[in-house]
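3D model of this:
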Amino acid sequence: MNMQQLDILLAVVAAGSFSAAARKLNKAQSAVSHAISELEIDLNLQLFDRSGRYPVLTKAGARIVAQAQLVRRQMQQLSELAADLSGAVESRLCLAVDDEGQLPWLAPVLAELAQRFPALELQILFPLLEDLTRLLDSGNADLGICFQPQQAGSQFLRWPLQQLTFAAAVSVEHPLAQLAQVTVADLQQYRQLMVTGRGESLERQRGRICSQVWWLEGDMAVLALLEQNLGWAWLPLSVLQPALAEHKVTQLQLKDEPSLLPVQLELWQHQTKKLGPAGLWLRQRLLSLHQVGKG
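Sure, this is the predicted structure:
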């Protein structure tokens, strides 16, 4: 038994089939099937029921997967400890952030990172929804900051950061702005502006109330069209504050608060991603902000 076999096992579980795991790992399907078969021989257990179209974990397989995830996390911690003790700082770090609207609170942390690791090359990307997940899954991003999804793969390590308060808002000239209290039926009469990634996942439908929707890539784009009186939208209060202060938009007073509010912000890392000293520092600094907030 070796770590490569366990990684292939976890990849099959995450992908849902041997063929999907093979594509993700850039291996032949026969190599993936052989690795699982060898692992079953080593463990003297049947991990998958292969009688259906897709392999299904047996009860024993589910227990083994849970332990394999623990072993993978321990191996990652060991690698990170070694990197930290060696003092060899990685040359490049990629941070994926779900929307540039997070920059006001994130920028001071990045300023600290720059001071502590002046030679580090940092790349900050702003993918949305499932686009961020794909970047982490492919290894093209080291850490991700995203909203808590309705469903998340088991291949990610996740830590809570902070809760963001969302508000429904419109231009001060919008008909909804004239109402003292707004119902869901009122909202449904007008166009809704929503953030979307480039896929068609169900995740982007969260918070949708209206049949007529305009989709935009990012909170700032939504805010710009909001100010042009082109619809109403859910936006984080932190994004809305400047426009509210300048009386360009107004916050709607809702009769019934939707269940999607507030929204949890999370820090994500793929289980197989090894961080160097700069990545470890950034992760711990982000988590310390959450701990201070809770205190």
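
can you tell me how far the closest residue to residue 3 other than its chain neighbours sits from residue 272?
Distance criterion C-beta to C-beta, 6 or more residues apart in numbering; nearest residue to residue 3, sequence neighbours excluded, is residue 75 at 6.3 Å. Just so you know, the C-beta spots here come from the backbone N, C-alpha and C atoms, and that holds for glycine as well. According to C-beta to C-beta, to the nearest Å, residue 75 stands 9 Å off from residue 272.

for residue 122, list each beta-bridge partner.
In this entry, residue 122 is beta-bridged to residue 93, by DSSP bridges.

average model confidence for whichever strand or helix holds residue 185?
Using DSSP states H and E, residue 185 sits within helix 184-187. Taken as a whole, helix 184-187 has a mean pLDDT of 92.

and stretch 194-203, by the same measure?
78.

give me the contacts around that stretch.
99, 127-132, 149-151, 204, 207-208, 213-219, 222, 233-234 (C-beta atoms under 8 Å, 6 or more residues apart in numbering).

quick one, which of these are buried?
99, 127-132, 149, 204, 207, 213-214, 216-219, 222, 233-234 (16 or more other C-beta atoms under 10 Å).

residues near residue 77, how many?
Residue 77 has 10 neighbouring residues, counting by other C-beta atoms under 10 Å.

which other helices and strands does the helix or strand containing it contact?
Assigned by DSSP H and E, residue 77 belongs to helix 59-86. With contacts defined as 3 or more C-beta pairs under 8 Å, 6 or more residues apart in numbering; DSSP states H and E, helix 59-86 has these neighbours: helix 3-15, helix 277-294.

of those helices, which stretch is the most buried?
Using mean count of other C-beta atoms under 10 Å, the stretch among the helices and strands packed on helix 59-86 with the greatest mean number of neighbours is helix 3-15 (a mean of 19).

following element in sequence after it, please.
Next along the chain from helix 3-15, counting by DSSP H and E, comes helix 18-25.

got the end-to-end distance for stretch 124-136?
One end of stretch 124-136 to the other measures 13 Å (C-alpha to C-alpha, to the nearest Å).

roughly how far out does it sit from the chain middle?
Mean C-alpha position of stretch 124-136 versus that of the full chain (C-alpha atoms, centre = their mean, to the nearest Å) differs by 7 Å.

pLDDT at residue 130, what is it?
So residue 130 comes in at 82 (pLDDT).

what's the answer for residue 90, then?
On the pLDDT scale, residue 90 gets 87.

residue contacts, it?
Shown in contact with residue 90 (C-beta under 8 Å, 6+ apart): 83, 120, 275-279.

how about 7 Å then?
Residue 90 is in contact with 276, 278-279, counting by C-beta atoms under 7 Å, 6 or more residues apart in numbering.

how far away is residue 266 from residue 219?
In terms of C-beta to C-beta, residue 266 sits 17 Å off from residue 219.

ok, back up a step: could you check how far the residue nearest to residue 3 is from residue 187?
To residue 187, residue 75 is 49 Å away according to C-beta to C-beta.

and if you look at residue 90?
Distance, residue 90 to residue 187, using C-beta to C-beta: 47 Å.

inside strands: which ones of the contacts of stretch 194-203?
Applying DSSP state E to the contacts of stretch 194-203, the entries found in strands are 213-216, 233-234.

tell me the one among those residues nearest to residue 177.
residue 233 (13.1 Å; C-beta to C-beta).

excluding chain neighbours, what is closest to the closest one?
With C-beta to C-beta, 6+ apart, the residue lying closest to residue 233 is residue 193, at 4.0 Å.

hmm, back to that, tabulate the contacts of residue 90 (a markdown table), appending pLDDT.
As requested, these are exported to a markdown table (pLDDT from 0 to 100):
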| residue | pLDDT |
| --- | --- |
| 276 | 89 |
| 278 | 92 |
| 279 | 94 |
